[in-house]
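In: coordinates for the following, if possible.
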Amino acid sequence: MNKKNTIANMRNIGIIAHIDAGKTTVTERILYYTGKSYKMGEVHDGEAVMDWMTDEQERGITITSAVTACEWKNYDIQLIDTPGHVDFTIEVERSLRVLDGAVGVFCAVGGVEPQSETVWRQADKYHVPKIAFINKMDRIGSDFFATIESMKEKLAANPLVLQLPVGQEDSFSGVIDLIEMKQISWNNESLGATFTENQIQDDLLDAARSHREKMIEALAENNDSIMEAYLSEKEIPVDELYAAVRQASISLACVPVLCGSALRNKGIQPLLDAITRYLPSPVDVPPIKGLHPETGEAVECRSVVKCPLAALIFKVSMAEGRKLSFVRIYSGVLKTGDEVYNPSRKITEKISRILRMHANKRERIEEAGPGSLVGVMGLKDSSTGETLCTTTAPVLLEKIDFYEPVISIAVEPKTHADQEKLTQVLGKFLAEDPTLQVKEDPDTGQTILSGMGELHLEIILSRMQREYKTNVNIGKPQVVYRESIEKESRATAVFDREIAGKAQFGEVTLKLSPIARGDGNRFKMKIPEGSLTEPIAAIIEKSIFEALENGPIMGYPIVDTEVCITGTAFRDGVSTEIAFGISASMAFRQALQNAAPYLLEPIMDVEVFVPESFIGDVIGDLNARRGKIEAIEHKMGAQVVRASIPLSKMFGYSTALRSETQGRGTFTMKFSHFDRV
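Out: From the prediction side, this is the model:
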């Protein structure tokens, strides 16, 4: 195959879906029928090739997107199996950013489930053409047409039915291909590797003809030559129909729909044919656009070998302590030993190895061209979302969007040995996962780990112990309060003592006043000029600011308070800096007791994205958390509720929101201000 052919015969696809729709099972069958794996791994046995992490095998879910490549009828298919759990949405986002097409897997019983909506919206955001595979047709309660209706209703998709199921639930035996008008049945003895194509059964023929007519009508709306042939009632050649479906799919006008049962080994080969027939190759999608890092001019990166290199790092993984970067090459060629330029950091890096990935196994290759998804070793400083290019033709590709973490826990090492390892280990996780954040709270000294959900953090802690033998104690992060005063107060304090045989005297009178919320603290001196030396004035100010650090209620810092020094008494020879520092501090404490101190708590701005049917429950819960609802807006078939809520009431909210909205609600939260408890 020549080079041009190779790129046109390449398919970069992702398998996307809700948790438990059967994505990994579909992927396992694809690997088996394309000869990539010699046996089928089952998710429920913890043996799926793509779920290679111990946590994935134990929980029976996909956590990281795994990359693999296989061949089907002279086509190279590069495949990413993405997670379905909402906590790992970023893995899907990163994958969709670099893919040319996607297969949405839907459960024929559950229809379009919440996380399917989320990943479908992400695919729409990146204009990724999609095929739908309705899986689990053999399950009790499966309903092919109800699933298609829920696609229209929940995803605003335009499904194009290319297959009909033969039988359903226990009697599901195969599919009818509406383009070639034939019935396909699978042989159970051969694990579905062999199948037979026959005439359509008489009792199904009328339904097949009627659905074929609807399919052609739908294609005619988007294709003039099909419209002409349809109106003149000519027989349309099969090849023309294939071309029309491909055009409708790539232009996002329609979503071709197929069906089957991956676990029962039915329907996978026609899905592979559909991937190669209807999803785009790197040359079928518009060239990716970037910006010149110096001039800001638009740069187009075409899928051509002779163009300068443009590649995007879409994921970083720590493999056996070494950094493995996953790269999508958009244009040009990447070779082992090449020096590449990273315009975001203005550094050059050397490629030490290029690897073709198969889940966690890998094979070394010398070079990779446009459209390739490869693993790269040797990049020391470059990270997720950054571009690799050449110094002579620099380009900055659009960065990947990352989400703000919504849930935090406090972690502390169990032993001194863990203490030394903890910072290193957290650094490795941060390099892998941009949605993870670690910060030290300056007020409490706690190390705070923030992530996308409780499961996300649970997996990180499990990997910390399993892969790095680091043990930590975990707890809720402490809410950091502030203190303030309600009324004006005055006090005078005198310090008159002998210390180490030397008399020490200082007298300070001051006034405390509350000021506007958010104004911080102010310090003023209203005493006659020259009544104090500069060092004494400085020590009084320092003592006051130190005293403001500890409030009388719970020892939190005092804010929004003005301290005004209104009078001092000075005695020659015995007035010292120490005495004035102590008397200022004593006067402040006395005034504070009479200023009606009170506690302030952090208030968060919360935005909740919720389907309309659950809005009542969500608002009820926000009110129960002392939330103030500020606005409710309609957006993309859902409601967005904006509210301000005390941080202390937001612990565990991600779990509560999921259970109230069947997993379909999401929220973001950021600090707004401090307010009275």
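
In: any idea how far Leu79 is from Ser450?
Out: 32 Å (CB to CB, to the nearest Å). (C-beta placed from N, C-alpha, C; glycine too.)

In: right, I mislabeled it, should have said Leu258
Out: Leu258 is 16 Å from Leu79, by CB to CB.

In: ditto for Gln465
Out: 31 Å.

In: now for Ile30: which residues touch it?
Out: Going by CB atoms under 8 Å, 6 or more residues apart in numbering, Ile30 touches 36, 70, 77, 79, 268, 271-272.

In: so which of these belong to strands?
Out: 70, 77, 79 (DSSP state E).

In: can you map out the helices along the stretch 451-600 of the chain?
Out: For the stretch 451-600 of the chain, helices defined by DSSP state H, counting those that start in this stretch occupy the ranges 454-468, 534-547, 577-593.

In: would you mark the buried spots in the last one?
Out: If I follow you right, that is helix 577-593. 577, 579-588, 590-592 (16 or more other CB atoms under 10 Å).

In: can you lay out these as a markdown table showing pLDDT?
Out: What follows is the buried residues of helix 577-593, written out as a markdown table (pLDDT from 0 to 100):
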| residue | pLDDT |
| --- | --- |
| Glu577 | 90 |
| Ala579 | 93 |
| Phe580 | 94 |
| Gly581 | 93 |
| Ile582 | 94 |
| Ser583 | 95 |
| Ala584 | 95 |
| Ser585 | 95 |
| Met586 | 95 |
| Ala587 | 96 |
| Phe588 | 96 |
| Gln590 | 95 |
| Ala591 | 95 |
| Leu592 | 94 |
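
In: only C-alpha atoms, please: export the host helix or strand of Asp621 in PDB.
Out: Per DSSP states H and E: Asp621 is located in helix 615-624. Taking Å, rounded to 0.1, in the frame of the first residue of the first chain, the C-alpha atoms of helix 615-624 are listed here in PDB:
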ATOM      1  CA  ILE A 615     -35.400  20.300  39.000                       C
ATOM      2  CA  GLY A 616     -37.800  20.100  42.000                       C
ATOM      3  CA  ASP A 617     -35.700  17.600  43.900                       C
ATOM      4  CA  VAL A 618     -32.500  19.500  43.200                       C
ATOM      5  CA  ILE A 619     -33.900  22.900  44.400                       C
ATOM      6  CA  GLY A 620     -35.400  21.200  47.500                       C
ATOM      7  CA  ASP A 621     -32.000  19.800  48.400                       C
ATOM      8  CA  LEU A 622     -30.200  23.100  47.800                       C
ATOM      9  CA  ASN A 623     -32.700  24.900  50.100                       C
ATOM     10  CA  ALA A 624     -32.000  22.200  52.800                       C
END
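
In: identify all contacting residues around it.
Out: Residues beyond helix 615-624 that count as contacts (CB under 8 Å, 6+ apart) turn out to be 606, 608, 610, 629, 632, 639, 641, 643, 645, 656-657, 660-661, 665.

In: report the buried residues of it.
Out: So for helix 615-624, counting by 16+ other CB under 10 Å, buried means 615, 617-619, 621-622.

In: one more: stretch 427-443?
Out: For stretch 427-443, a neighbour-count test (16+ other CB under 10 Å) marks 428-429, 431-436, 438 as buried.

In: can you get me a residue count around Glu363?
Out: 11 (other CB atoms under 10 Å).

In: test my guess that it contacts Leu355.
Out: Yes. Using CB atoms under 8 Å, Glu363 is in contact with Leu355, at 6.7 Å.

In: going by residue numbers, what spans are helices in the stretch 201-350 of the chain?
Out: Counting by DSSP H, counting those that start in this stretch, the helices of the stretch 201-350 of the chain are 202-222, 224-231, 238-250, 268-278.

In: and those helices as CSV, adding distance to Lys414, mean pLDDT and mean neighbour count?
Out: Converted to CSV, the helices of the stretch 201-350 of the chain look like this (distance: least, CB to CB, whole Å; pLDDT from 0 to 100; neighbours: other CB atoms under 10 Å):
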stretch, distance to Lys414, mean pLDDT, mean neighbour count
helix 202-222, 62, 93, 15
helix 224-231, 68, 89, 15
helix 238-250, 54, 94, 18
helix 268-278, 48, 94, 21
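
In: let me have these in CSV, extended by distance to Ile148.
Out: Formatted as CSV, the helices of the stretch 201-350 of the chain follow (distance: least, CB to CB, whole Å):
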stretch, distance to Ile148
helix 202-222, 11
helix 224-231, 21
helix 238-250, 16
helix 268-278, 16
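
In: give the contact list for the residue nearest to Ala547 when sequence neighbours are not counted.
Out: Closest residue to Ala547 apart from its sequence neighbours, by CB to CB, 6 or more residues apart in numbering: Phe588 at 4.6 Å. Contacts for Phe588 (CB under 8 Å, 6+ apart) come out as 491, 510, 512, 543-544, 547, 563.

In: the closest residue in space to Glu398 that isn't next to it in sequence: neighbour count?
Out: Nearest non-adjacent residue to Glu398, counting by CB to CB, 6+ apart: Gly290, 7.0 Å away. Other residues within reach of Gly290 by the criterion other CB under 10 Å amount to 23.

In: contacting residues for Gly290?
Out: Contacts of Gly290 by CB under 8 Å, 6+ apart are 298-301, 310, 387, 395-398.
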